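**Q** 3D model of this:
(4 chains)
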There are 2 protein chains.
Amino acid sequence: MDRFLSQTAEYALRAMAWMALTEPETPVLARDLSEGSGVPPHYLAKILRRLVLAGLLASQKGRGGGFTLARAPADILFRDVLAAVDAYPTGDRCAFGWGACDAARPCPLHASRSALATAFREWSASTTLASVQQGAENPSVRLSAALRASALRTRARARTRAIERPATKRRRSP
Amino acid sequence: MDRFLSQTAEYALRAMAWMALTEPETPVLARDLSEGSGVPPHYLAKILRRLVLAGLLASQKGRGGGFTLARAPADILFRDVLAAVDAYPTGDRCAFGWGACDAARPCPLHASRSALATAFREWSASTTLASVQQGAENPSVRLSAALRASALRTRARARTRAIERPATKRRRSP
DNA sequence: AGATAAAAAGAGCTAGAAGTCTTTTTATCG
DNA sequence: CGATAAAAAGACTTCTAGCTCTTTTTATCT
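**A** Sure thing, here's the model as predicted:
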């Protein structure tokens, strides 16, 4: 094992982190986000959808569309992001296998398990997307550069396509 | 999502917790452990094997055999149990997708992620099996009762089998 | 209107986790 | 020794997270 959270949860945090590091209000393409963050494009699309449904992102279809943060980074908890992709553990089922298990009638594992649950809840409820914006070496500089590069690639792709298709109109099978 | 750890990790902790609550030195049958803890019997067998290989349990084959704790509960960390079933996250891969990411060159998610990792490590390295033995309502009483009942069922099974097979000797297909 | 560009939807694939079943090995008892 | 009782081994199945591919919908631009 090499990670604490599920792959999907990590992808969701990664995507939101990227969003928090881009120019606010400017729509970001799923494709650029995928290339920049390394999350598989189609899988990222599904994750983004869930983040939209959870009210953390806003999406705009069609030309000039893309994704934008729905709220200020400081108002988006890690917990919100995890919950959006169903990666926020409720921990309501007893680890010991008991039907009922609470503070009143704790199972032998209850106390230890609660300690972990509490630590996790405090972490995810006290950490916001704003935390990714402050770095010792100002990582946003590097990130902006990466995204700029990505945007340049996007324009390059457009140009390439324009060249590949010289004046002839193509139509897909009817 | 409803749990913090993988199903296997939870089963491993559950099994070890049961072991810590039984009479020391007295071998516990995998079957009784399964019935008592609710872990599927054959799956539990595999988990127990891993715990033996990790040096946390001792096993004895044949009649009168079973499983016993290899060390005192206070000397068995939750971390040890999780590591035995490969459920101890190393967290060495960057959550942001960077190849290199450490305290020197942290990714934007590094600090937050480290906070979680630290909390988890401290929890799993400071919690031992002894923690399951101390409960406000002395859960070991209830557990001992449950195990006693389980042991009784085992003897009942033996009796039943003895009755089902009255003096005739059966042999499996050659 | 028509071309284009974006998100959205949905069907399907794959590998690994979780769980089952059967057989084999090893020990003990009578 | 032979019956029995336990763990151990291993093949096999099932389910689901993660991932891919294709098509559809919606918006914008000329």
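**Q** for chain A, what spans make up the helices?
**A** In chain A, the segments counted as helices under DSSP state H are A:7-20, A:30-37, A:41-53, A:78-84, A:110-126, A:139-164.
**Q** Is the fourth one positioned near DNA strand D?
**A** No: if you take CB under 7 Å from any atom of the strand as the test, helix A:78-84 misses DNA strand D, and the best it gets is 11.6 Å. Backbone N, C-alpha and C define where each C-beta goes, glycine included.
**Q** Run through who's touching that helix.
**A** The contact list for helix A:78-84 (CB atoms under 8 Å, 6 or more residues apart in numbering or on different chains) reads A:5, A:9, A:12-13, A:16, A:50-51, A:53-54, A:56, A:88, A:121, A:123-125, A:127-129, B:112.
**Q** just the first one next, same as before
**A** Counting by CB under 8 Å, 6+ apart, helix A:7-20 makes contact with A:3, A:5, A:28, A:33, A:36-39, A:43-44, A:47-48, A:50-51, A:56-57, A:67-69, A:73, A:76, A:78, A:81-82, A:84-85, A:87, A:129-130, A:132-133, A:143, A:147, B:95-97, B:108-109, all of which sit outside it.
**Q** shaky segments in chain A?
**A** Residues of chain A meeting the criterion pLDDT under 70: A:135-174.
**Q** For it, what lies in contact range of DNA strand D?
**A** A:6-8, A:11, A:40-43, A:45-46, A:60-65.
**Q** do that again at 6 Å, thanks
**A** A:6, A:7, A:8, A:40, A:42, A:43, A:61, A:62, A:63, A:64 (CB under 6 Å from any atom of the strand).
**Q** Might one say that the fourth one is in contact with residue A:34?
**A** Yes: applying CB atoms under 8 Å as the test, residue A:40 and residue A:34 come out as touching, 7.0 Å apart.
**Q** Neighbour count: these two, which is higher?
**A** Neighbours were counted for residue A:40 and for residue A:34 using other CB atoms under 10 Å in any protein chain shown; residue A:34 has more, 20 against 11.
**Q** roughly how far apart are that one and residue B:31?
**A** According to CB to CB, to the nearest Å, residue A:34 and residue B:31 sit 50 Å apart.
**Q** among the contacts of helix A:7-20, which ones are buried?
**A** A:3, A:5, A:28, A:33, A:36-37, A:39, A:44, A:47-48, A:50-51, A:56-57, A:67-69, A:73, A:76, A:78, A:81-82, A:84-85, A:87, A:129, A:132-133, A:143, A:147, B:95-97, B:108-109 (16 or more other CB atoms under 10 Å in any protein chain shown).
**Q** Those also near DNA strand C: which ones?
**A** Near DNA strand C, by the rule CB under 6 Å from any atom of the strand, you find A:48, A:67 out of the buried ones among the contacts of helix A:7-20.
**Q** got a list of what residue A:50 touches?
**A** A:12, A:84, A:85.
**Q** now residue A:67
**A** Per CB under 8 Å, 6+ apart, neighbours of residue A:67: A:19, A:27, A:28, A:29, A:30, A:33, A:48, A:52, A:57, A:58, A:59, A:60.
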